[in-house]
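Colleague: Using only what follows, build the 3D model:
(one chain, ligands or ions: 1)
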Amino acid sequence: MKWFGGIEAGGTKFNCIIAQDPEHILAESTIPTETPSITVPEVIRFFKEGETKHGISLEAMGVACFGPVNLDQNDPHFGSITSTPKVQWQNTPLLSQLRSAFDIPYGFDTDVNGAAVGEGQWGAGLGLSDFLYVTIGTGIGGGVICNGKPVHGLIHPELGHLLMKHDLTKDPYPGRCPFHGDCLEGLASGPAMTERWGISTHDMTADHPAWDLEALYLGQAVHNWILSYSPKRIILGGGVMKKPGLLEKIRLVARESLNGYVDSRLIKEVNDSFIVAPQLGDRAGSLGAIALASLAAAPSR
Ligand code: ZN
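Modeller: The predicted structure follows:
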């Protein structure tokens, strides 16, 4: 039996898990994100205790980390958290700190790439070589899986910062992205919705006009993502997407916007098998980290 360590390193908590896959989970723990000198030793302790208690040795470790992170394998700072607004975590060499405790193979990637790999291995992207996983919550970010692997390129794609068609007469809200103002994230993240309408997304009823506007922006984004990446499926997750009916509205906007241009039945229909919800739920991040670990343990797969 091969056991892997998975760490979903988030801005508020580190979700740690020892597992093989979603069906075989040995131990789990949630550790608050304090400072690196408090949190990292706690994380290491969880895995050391897990190994002792269950009489196992971890085969590999996966880390799906909040960013920005250094993903350049040729850079000595590979696996570091870089210019995060969380000041105490700036330039934290997370991967080398973990390596000093566990000298095993590591998979290290962004949180969204981790979730995308997990959905591909066990969830809504199962069996697909090319798909997108996008999360719409406090921010908007996504992982692009191409030929079965997450795209890194120069750094990694930033699916949340697309420029949008923004009709200021219909929607005078200026957007809240500190870099671009009214980019997708600036207009359509959960905090943008709350700021624009002066009401929390949880308190917006299903017929609140916020949802049509949200679908308009996300539908435009889906249009752009389809044309840029030619995915076989788009998985939309995150807190905002939990609103019943939103997924259907987005499909409709994307279908109308594409106007039959791309010659594929899947895209002409933009149907419920093309734009879908994630399947791994609240464990998407930590299971994604397990998926990264299993790939690191068998890199040729
Ligand atoms: Zn932006």
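
Colleague: Distance of G181 relative to M164?
Modeller: Applying Cβ to Cβ, to the nearest Å, the value for G181 to M164 is 10 Å. Every C-beta, even on glycine, is put in place using the N, C-alpha and C of the backbone.

Colleague: of these two, who's got more company?
Modeller: Per other Cβ atoms under 10 Å, whichever of G181 and M164 has more neighbours is M164, with 20 against 12.

Colleague: need the contact list for C146.
Modeller: Contact analysis of C146 by Cβ atoms under 8 Å, 6 or more residues apart in numbering lists S129, D130, Y229.

Colleague: would you turn those residues into a markdown table with pLDDT?
Modeller: Shown next, in a markdown table, are those (pLDDT from 0 to 100):
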| residue | pLDDT |
| --- | --- |
| S129 | 97 |
| D130 | 98 |
| Y229 | 95 |
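
Colleague: Closest to V69 out of those?
Modeller: Checking these against V69 with Cβ to Cβ, the nearest one is Y229 at 21.5 Å.

Colleague: tally of neighbours for P68?
Modeller: For P68, the neighbour count with other Cβ under 10 Å is 16.

Colleague: what do you get for the one 10 residues further on?
Modeller: F78 is flanked by 16 other residues according to other Cβ under 10 Å.

Colleague: Spit out the contact partners of it.
Modeller: For F78, the contacting residues are N70, L71, D72, L95, F108, by Cβ under 8 Å, 6+ apart.

Colleague: Assign it to helix, strand or coil.
Modeller: For F78, the assignment made with DSSP: H, G, I helix; E, B strand; the rest coil gives coil.

Colleague: any idea how far the ion is from it?
Modeller: Going from F78 to the ion by Cβ to the ion, to the nearest Å gives 26 Å.

Colleague: cool, A19 as well?
Modeller: Counting by Cβ to the ion - A19 and the ion are separated by 35 Å.

Colleague: And what about that residue, helix, strand or coil?
Modeller: Under three-state DSSP, A19 falls in the strand class.

Colleague: per-residue confidence at it?
Modeller: A19 is assigned 97 on the pLDDT scale.

Colleague: And the contacts of F78, which of them are buried?
Modeller: Among those, those classed as buried by 16 or more other Cβ atoms under 10 Å are N70, L71, L95, F108.

Colleague: For these, give me TSV that also has distance to R233 and pLDDT.
Modeller: Output for those, formatted as TSV (distance: Cβ to Cβ, whole Å; pLDDT from 0 to 100):
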residue	distance to R233	pLDDT
N70	29	93
L71	24	93
L95	30	97
F108	25	97
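
Colleague: which ones among those residues come in contact with the ion?
Modeller: The subset of the buried ones among the contacts of F78 lying close to the ion, counting by Cβ under 5 Å from the ion, is empty.

Colleague: Of the residues you listed, which is the nearest to the ion?
Modeller: Checking these against the ion with Cβ to the ion, the nearest one is L71 at 19.9 Å.

Colleague: any idea how far that closest one lies from G181?
Modeller: Remark: distance between L71 and G181 (Cβ to Cβ) = 27 Å.

Colleague: Please apply the same query to A64.
Modeller: Distance, A64 to G181, by Cβ to Cβ: 29 Å.

Colleague: now E256
Modeller: Separation of E256 from G181 (Cβ to Cβ): 26 Å.

Colleague: can you check D103 too?
Modeller: For D103, the distance to G181 - Cβ to Cβ - is 46 Å.

Colleague: Including secondary structure and distance to I38, could the buried ones among the contacts of F78 go into a markdown table?
Modeller: Formatted as a markdown table, those follow (DSSP: H, G, I helix; E, B strand; the rest coil; distance: Cβ to Cβ, whole Å):
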| residue | secondary structure | distance to I38 |
| --- | --- | --- |
| N70 | coil | 22 |
| L71 | coil | 25 |
| L95 | helix | 18 |
| F108 | strand | 21 |
